[in-house]
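[1] structure, please.
(2 chains)
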Amino acid sequence: MKRVLVTALLFALALGALIATSRAFWVDRESTPDQRREAFEIVWRTVKEKHFDPTLGGLDWDKIKRDYAPRADAAKTDSELYEVLQQMLGELHQSHFNIIPPELIIEDDTKEPAGGGVGLDLRVVDGLAMITRVDPNSTGARAGLRPGFIVTRVDDSPVDQLIARFAKSKDSQAITRFRINRSILGRINGAPKSSVRLSYLDGEDKAREATIERERLPGEMSQRMGNFPPQYAELEVKRLAGGAGYIRFNIFVMLLSDRIKAAIRSLHDAPGIIFDIRGNPGGLGAIAPGIVGELETREVSLGTMKMRRGELKFVAFPQKNPYAGPVAVLIDGMSASTSEVLAGGLQEAKRAIVVGERSAGAVLPSLFEKLPTGALFQYAIGDYRTPSGVLVEGLGVKPDVEAKVNRATLLAGRDPQLDEAVRQLSKAAPAVGSRTVRN
Amino acid sequence: MKRTVMTTLIGLAVAATVLAGGFGQKDSMPTVDQILDKYVQAIGGKAAVEKQTSLTAKGAFEIPAMGMSGNAEEYAKAPNKMLFIVDIAGHGVVQQGYNGAVAWSSEPAQGLREESGAELASTKIESEFHKETKIRQLFSKIEFKGKEKVGEKDAYVLLATPTGSSAQKLYFDIQSGLLIRTDVEQDTPQGKVPVEKYLDDYKDVDGVKIPFTRRHVLPQMTFVIKLTDVKHNVAIDDAKFNKPAGQ
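    Below is the predicted model of the structure:
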């Protein structure tokens, strides 16, 4: 390599996933006290030396060390240490500072989903765990679960108690909401062929109970990317009534990058395309500009990542024959990180109308480092501002058209947010002409 | 004084660099020409460098802090063609090329694009096959900036300013004369990125010394490229350097 600088890589590898891990293997050994001390020191020092804001917003990080080091020293197990480290990182009140214990890291590179589920998604709304989506082919659907039902208990754990555990969280509201959701879904999902007992309120508020067998999830596992563990990845592409294209994906990983682009190209004749990134926690930062490159005829910035030294723009490069029809992006409070870059960037570029609910406001580009104890330490390396300079962390992307999840419409078999996105597309769709730009 | 040192350098060639351990009398500072001449001598001399007209290299690519690794390949051909390929596990193939007219890069997530402006100007310089012997021509202004430490080594520092792209700081080991570090604010579409490149583990390949280890230090991460196999004067089809067709 005589001369070249790999400029293409400068930006591409920043990750923005928000703690999107799931089941893995159990570690049967505890670290030594020295390894725990070293792990504490790495985490504390990384924040001190690499946080994008050297002032840490006025936080006295040396004092934090004085407060937390004795607690870390007193930790008898790795789990206790991770709890202390996560609490220390919580003092920052920022997303993307996480300790991911080894037992939550999927180590094996296999395309087969590491876990199973019953095919449902849910959101905690006003303290109630409301089912928002049920895969029609899932065991959950066969057991009678429907969108709009309220989950009240998972096995022996009442949902309100699961939620109450997070009452003293030092994390931001968005992250806490995210963790609550993950916590409930994490208990519902599990190994294929095992079962989960769900108590729930049906559409008539009648208390019911069902024991449902978990089955293998329909997606695939992404390939490990350095310290970024394999992730469960799912892509749904279809045409809605009226012809609009619909693309839903649960995470931004390389496995899906080309497939999403291919999906866009396969929908070039559609009168509009909806990207459904509700519940999408983010992922590889470069995938968002890559998607926009399939929708734009010009180079556009989706925003700026400001680091301790310098800043980088999230630039989308127009690709050959981009899609020119109207675009809508569906977001909600569980859309985080790269999802927010995509939604916020397309919104400000006026290339898409954003529909749904305000996003998580958890969008700090981050890296993953392995600690001597085997855990992963995720830390943010920059903040993110939209092209007009709006800091999204803690604020989220405000949709152009707000549409909330509504139990009554969910029970009626409608998705009010998707319905609104379709309505917006039909208003924006050009009457005639090709929807592919030839270049 | 200058003339004396210059004459000595020219006359003694490589021997002078080895014996002197520097550039002449104690406390005297060398000229830009002396530093560059010593550099060319240190890597094998102008004749040896210019005897080579193409290069292929293979090696390993690593981002240690992120646990990422992959394979790296380079193809270069005189006067100014280059192709650089990194295949990163879990990410895919990243390429950067220049065919003497069009500079381009391709990254699996962001797609294919063409370089322009300051980025293109920079790539043109970096793609010069005989860059080491053409530094004076490639940069419109070169200034001596004194001495600095690079790790344990003392180095002379030159500030080389090209036309149309960012200036580079070049650090030459006083002892060996070799280029051991370059600093540049790399022009990219994402903005200017400060990059420190450390060159190490020089090995002789066909009479030319080549750094087999390169460490690129960026604000957010460090890349390391370690070469394992370098060949000169291998036939390379010109078409290899062309921008690939898009989708």
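[2] tell me the pLDDT of residue 194.
    Picked chain A for this. With respect to pLDDT, A:Ser194 has a value of 92.
[3] looking at chain B here, not the other one
    On the pLDDT scale, B:Pro194 gets 90.
[4] enumerate every residue touching the nearest residue to it once chain neighbours are set aside.
    Of all residues not flanking B:Pro194 in the chain, B:Glu185 sits nearest, at 5.4 Å (Cβ to Cβ, 6 or more residues apart in numbering or on different chains). Placement of C-beta: from N, CA and C, glycine included. Applying Cβ atoms under 8 Å, 6 or more residues apart in numbering or on different chains, we find B:Glu185 in contact with B:Ser166, B:Ala167, B:Lys192, B:Val193, B:Pro194, B:Val195.
[5] give me the number of residues near residue 222?
    Answering for chain A, as no chain was given. 25 (other Cβ atoms under 10 Å in any protein chain shown).
[6] please go with chain B instead
    Neighbour count of B:Thr222, defined by other Cβ under 10 Å: 15.
[7] look up the closest residue to residue 93, ignoring the ones flanking it.
    Picked chain A for this. A:Ser172 (5.4 Å).
[8] think we crossed wires, I meant chain B
    Nearest residue to B:Val93 in three dimensions, chain neighbours excluded: B:Asp87, at 4.9 Å (Cβ to Cβ, 6+ apart).
[9] if you count neighbours, what's buried in the top strand by length along chain B?
    Across chain B, the longest stretch assigned as strand under DSSP state E is strand B:191-205. Across strand B:191-205, burial judged by 16 or more other Cβ atoms under 10 Å in any protein chain shown covers B:Gly191, B:Val193, B:Val195, B:Glu196, B:Lys197, B:Tyr198, B:Leu199, B:Asp200, B:Tyr202, B:Val205.
[10] and these, which two are furthest apart?
    Within those, B:Gly191 and B:Val205 form the most distant pair, 35.7 Å apart (Cβ to Cβ).
[11] read off the pLDDT value for the most centrally placed residue in chain A.
    Taking Cα atoms, centre = their mean, the centroid of chain A lies closest to A:Pro281, which sits 0.3 Å from it. A:Pro281 carries a pLDDT score of 89 in this model.
[12] got it, and A:Lys370?
    pLDDT for A:Lys370: 88.
[13] tell me if I'm right that it and B:Gly67 touch.
    Yes. If you go by Cβ atoms under 8 Å, A:Lys370 and B:Gly67 touch, sitting 6.1 Å apart.
[14] between the two, which contacts overlap?
    In contact with both A:Lys370 and B:Gly67: A:Asn227, using Cβ under 8 Å, 6+ apart.
[15] the residue nearest to B:Pro194: what secondary structure?
    Look at B:Glu185: counting by DSSP: H, G, I helix; E, B strand; the rest coil, its state is strand.
[16] quick check, pLDDT for it.
    pLDDT, B:Glu185: 91.
[17] so where is chain B shaky, pLDDT-wise?
    Under the criterion pLDDT under 70, the flagged ranges of chain B are B:1-27, B:247.
[18] mind listing the helices for it?
    Secondary structure of chain B by DSSP state H: the helices cover B:2-20, B:32-42, B:46-51, B:117-127, B:135-138.
[19] also chain A?
    Counting by DSSP H, one finds helices in chain A at the ranges A:7-12, A:33-50, A:61-74, A:78-90, A:139-142, A:159-164, A:173-188, A:254-266, A:287-292, A:338-348, A:407-411, A:416-428.
[20] got those helices as a markdown table, with distance to B:Ala239 and mean neighbour count columns?
    Output for those, formatted as a markdown table (distance: least, Cβ to Cβ, whole Å; neighbours: other Cβ atoms under 10 Å in any protein chain shown):
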| stretch | distance to B:Ala239 | mean neighbour count |
| --- | --- | --- |
| helix A:7-12 | 21 | 24 |
| helix A:33-50 | 43 | 17 |
| helix A:61-74 | 55 | 14 |
| helix A:78-90 | 51 | 21 |
| helix A:139-142 | 54 | 20 |
| helix A:159-164 | 61 | 16 |
| helix A:173-188 | 50 | 19 |
| helix A:254-266 | 25 | 19 |
| helix A:287-292 | 26 | 29 |
| helix A:338-348 | 36 | 28 |
| helix A:407-411 | 57 | 17 |
| helix A:416-428 | 43 | 19 |
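[21] need the helix or strand of chain A with the lowest average pLDDT.
    Across the helices and strands of chain A, mean pLDDT, DSSP states H and E gives its lowest value to helix A:7-12, namely a mean of 53.
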